[in-house]
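**Q** no FASTA, just this:
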């Protein structure tokens, strides 16, 4: 983001007084950079050994850290009996990690080379230079993506290797995990390079190392040198986070949660470290406050993104489990919002356990053992069911998810009595997320704020868009994200209005954004929605937004969706204006779904009977949305204008994209009017 763009954003959001205050602070920080960077080059930035506890003096047994080292032998045997398939997958992924093949982002399994170059983007073959963290620039404009090396350096494969050692007793797994810690420390001096530039990344890495050290506690007991390495890394991480917290009184996000988790992890895994008590108390206090700031009363995260809801929920769950293991209280309010956040995930899940990828997705996770697709979130339904004893399951389960088994000792038995919840409708009006569900289909509707207190950093221009699941698969989909800083063009393309199943007017964005402001989306639309049961066999969703009122001839859009017991859907768009405009209704098809449009109009009377629409209205049967094994009929109502099939893109995970089709209906109209279409099963 350029300085001019940042200045405009601060003035618009916070006013001139805040702009001058932040400007002075910014100039002061910039003036310090050369001196602080020079100082860091001249000193040893690792914590002094004399300031750390001697490794041989650490208490034994070690305190619980998600898992209790004292119960691990018993749990390993039970895991093999109860979860044989998961145990096999866990060992397979651990073997892949031994061969430097790691599950990274949405890329799947990636081979990073015979030796690990921690500063290399393995996908684009670009190496990041070693600079002081204050001068580190990781938005280079050469196609490289810092998230690739960041993801590997979170060290989330280490707990996997540690558990493989527990399961097999084979020392190769433990030795490789410890070797990766040592290798990382050797090539990543504190305060230098990309891995010390973002405190959140440091926090998630500290969590991984703390968990690994706990699982390997018996193996480390007689290895004071390796314990000393881990102690130095954890202290350096906690100190760096403490000095560089990603805190702003106007906005804290998942980044700040990652900072807090790192502080809490270091303090709980190694309470002997200096300042552990202070860091622990600070993290607990801040987690209580952030739960109220970042999750509403209905449990919905404020980032306007389902994948970021998952990331923040996993961080909050990790903090809750760490505190519970050490008998620290986060409070009843924290627990109730955490419970509600799991209910939201259950409400969002399709019947197959996947979710629509509404908003941004960077494939980030915290409670990670096995790789899974970004849209697979049923494990969270299992986790919430085991944690709180509620029936949140969408699918029956043959065996517990491994993450549920390992992180919830003693509570996994609740899954044996749990039953899948019935289909139901849920409205999260404050967040603008609505879910209509019948036995035959499910619809998700977006009609709410852009999140992050109006900053919209992880929102898309998706006001009044919807996704649609029927006949066992997603048919109308959200496009996902693909990349962030690696390509501003692609970043903006997949968050644009044209990439979503909504209405575009005069080819303008619902919420205009500056192309260089990759993590800002100002809420011009002020979208709002509500749900109503009409007691006529169907439910109705109504949403409206004001994003196009800024045009020379203002337009206000109202969208009405009716979902019938059969699973069919009728969509009506009303345009409130006195001017003339060009309109587009857009339908983004899921990967594998093909739009087949008919050359001429066909009678629609028989199909109209399925949605109780008056046959006197002007409707045409214009096409099919088809895939191997099924199809949905597309009906068009209100005029004789035509639909077209156009190319689009979809991203199922960060760093990956594939072509899809978008069905587009265009027309020009003077004054107010209405257009409808329907998807008929």
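**A** Looks like it arrived, so ask away. Just so it is clear, the model here is predicted, and its values are computed rather than measured.

**Q** can you give me the strands for the stretch 501-650 of the chain?
**A** 503-505, 528-533, 539-545, 556-563, 569-576, 580-588, 594-597, 619-627, 630-637, 643-653 (DSSP state E, counting those that start in this stretch).

**Q** for the ones you listed, which one sits closest to residue 117?
**A** Of all these, it is strand 643-653 that lies closest to residue 117, at 23.0 Å by Cβ to Cβ. All C-beta spots, glycine's among them, are computed from the backbone N, C-alpha and C.

**Q** Of the strands of the stretch 501-650 of the chain, which is nearest residue 344?
**A** Nearest to residue 344, of those and by Cβ to Cβ, is strand 528-533 at 15.2 Å.

**Q** That closest one packs against which elements?
**A** Secondary structure elements in contact with strand 528-533, counted by 3 or more Cβ pairs under 8 Å, 6 or more residues apart in numbering; DSSP states H and E, are strand 433-437, strand 539-545.

**Q** count of neighbours near residue 81?
**A** 9 (other Cβ atoms under 10 Å).

**Q** any idea of the pLDDT on it?
**A** In this prediction, residue 81 carries a pLDDT score of 87.

**Q** Across the sheet, point out what pairs with the closest residue to residue 532 other than its chain neighbours.
**A** Once flanking residues are discounted, residue 532 sits nearest to residue 540: 4.9 Å by Cβ to Cβ, 6 or more residues apart in numbering. Note on residue 540: beta-bridge partners by DSSP bridges are residue 532, residue 562.

**Q** Compare the strands of the stretch 501-650 of the chain and report which one is nearest to residue 363.
**A** So among these, strand 643-653 is nearest, using Cβ to Cβ, at 5.0 Å.

**Q** Quick check: buried residues in stretch 523-542?
**A** 523, 524, 525, 527, 528, 529, 531, 538, 539, 540, 541, 542 (16 or more other Cβ atoms under 10 Å).

**Q** Tabulate the helices and strands packed on strand 528-533 in CSV, adding columns for mean pLDDT and distance to residue 494.
**A** Below are the helices and strands packed on strand 528-533 laid out as CSV (pLDDT from 0 to 100; distance: least, Cβ to Cβ, whole Å):
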stretch, mean pLDDT, distance to residue 494
strand 433-437, 93, 20
strand 539-545, 92, 20
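
**Q** Quick one: these as CSV, columns for distance to residue 102 too.
**A** Formatted as CSV, those follow (distance: least, Cβ to Cβ, whole Å):
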stretch, distance to residue 102
strand 433-437, 33
strand 539-545, 41
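
**Q** tell me how far stretch 638-651 is from the chain's mean position?
**A** The chain centre lies 29 Å from the centre of stretch 638-651; the measure is Cα atoms, centre = their mean, to the nearest Å.

**Q** Ok, stretch 669-681 next?
**A** Distance, centroid of stretch 669-681 to centroid of chain: 33 Å (Cα atoms, centre = their mean).

**Q** as a whole number, average confidence for that stretch?
**A** 92.

**Q** coming back round to it: right, and the strands of the stretch 501-650 of the chain - which one's nearest residue 166?
**A** Here strand 643-653 is closest among the strands of the stretch 501-650 of the chain (Cβ to Cβ), at 29.3 Å.

**Q** Walk me through which strands the closest one pairs with, and which way each runs.
**A** strand 656-670 (antiparallel).

**Q** Can you name the element that comes right after the strand it pairs with?
**A** strand 673-680 (DSSP states H and E).

**Q** who does that following strand pair up with?
**A** strand 569-576 (antiparallel), strand 630-637 (antiparallel).

**Q** Those: lowest mean pLDDT?
**A** Among these, strand 630-637 scores lowest, with a mean of 88.

**Q** contacts for it?
**A** In this structure, residues lying in contact with strand 630-637 by Cβ atoms under 8 Å, 6 or more residues apart in numbering are 470-473, 475, 595, 597, 604, 607-608, 613, 617-626, 643, 663, 665, 675-681.

**Q** now those: which count as buried?
**A** Applying 16+ other Cβ under 10 Å to those flags 470, 473, 475, 595, 604, 607-608, 613, 619-626, 643, 663, 665, 675-681 as buried.

**Q** would a markdown table of the strands paired with strand 673-680 with mean neighbour count be doable?
**A** A markdown table is the format used below for these (neighbours: other Cβ atoms under 10 Å):
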| stretch | mean neighbour count |
| --- | --- |
| strand 569-576 | 20 |
| strand 630-637 | 21 |
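
**Q** Residue 75 is nearest to which of those strands?
**A** strand 630-637 (43.0 Å).

**Q** The stretch 1-150 of the chain: strands as residue ranges?
**A** Using DSSP E, counting those that start in this stretch, strands in the stretch 1-150 of the chain cover 101-103, 109-111, 120-121, 126-127.

**Q** and of these, who's closest to residue 554?
**A** strand 120-121 (45.3 Å).

**Q** which secondary structure elements does the closest one contact?
**A** Using 3+ Cβ pairs under 8 Å, 6+ apart: strand 120-121 touches strand 126-127, helix 147-153.

**Q** The last one: which residues count as buried?
**A** Taking 16+ other Cβ under 10 Å as the basis for neighbour counts, the residues of helix 147-153 that come out buried are 147, 148, 149, 150, 151, 152, 153.

**Q** list the helices and strands that helix packs on?
**A** Packed next to helix 147-153, using 3+ Cβ pairs under 8 Å, 6+ apart, are strand 120-121, helix 199-215.

**Q** Quick one: mean pLDDT for the longest one?
**A** I take that to be helix 199-215. On average, helix 199-215 scores 97.

**Q** next structured bit after that helix?
**A** helix 217-220.

**Q** What is that next one packed up against?
**A** Against helix 217-220 (3+ Cβ pairs under 8 Å, 6+ apart) you get helix 171-187, helix 224-243.

**Q** where do the helices sit along the stretch 251-400 of the chain?
**A** For the stretch 251-400 of the chain, helices defined by DSSP state H, counting those that start in this stretch occupy the ranges 254-269, 276-294, 306-325, 332-348, 378-388.

**Q** ranking those helices by burial, who's on top?
**A** helix 254-269 (a mean of 27; mean count of other Cβ atoms under 10 Å).

**Q** Let me know the angle separating that helix from helix 276-294.
**A** 150 degrees (axes from the mean of the first three to the mean of the last three Cα atoms, to 10 degrees).

**Q** centre of the chain versus helix 254-269, how much separation?
**A** 18 Å.

**Q** same check, this time on stretch 325-336
**A** The answer for stretch 325-336 is 24 Å, by Cα atoms, centre = their mean.

**Q** the domain parsing of the chain - what is it?
**A** 1-43, 68-294, 295-421, 430-680 (automatic domain parsing).

**Q** lowest-confidence stretch among those?
**A** domain 1-43 - the lowest mean pLDDT of those, at a mean of 60.

**Q** Across the sheet, point out what pairs with residue 503.
**A** In beta-bridge terms (that is, DSSP bridges), residue 503 pairs with residue 585.

**Q** residue contacts, it?
**A** Contacts of residue 503 by Cβ under 8 Å, 6+ apart are 464, 557, 559, 573, 583, 584, 585, 586.

**Q** what about the first one, which SS state?
**A** The one in question is residue 464. coil (DSSP: H, G, I helix; E, B strand; the rest coil).

**Q** Would you confirm that residue 460 contacts residue 493?
**A** No: shown here, residue 460 and residue 493 do not form a contact pair, counting by Cβ atoms under 8 Å, at 10.9 Å.

**Q** more neighbours, those two?
**A** Shown here are residue 460 and residue 493; by other Cβ under 10 Å, residue 460 has more neighbours (29 against 16).

**Q** Assign that one to helix, strand or coil.
**A** coil.

**Q** State the distance from it to residue 252.
**A** According to Cβ to Cβ, to the nearest Å, residue 460 and residue 252 sit 21 Å apart.

**Q** Could you do residue 296 as well?
**A** For residue 296, the distance to residue 252 - Cβ to Cβ - is 15 Å.

**Q** Likewise for residue 291?
**A** From residue 291 over to residue 252 (counting by Cβ to Cβ), the distance is 11 Å.

**Q** what does residue 637 give?
**A** Residue 637 is 46 Å from residue 252, by Cβ to Cβ.
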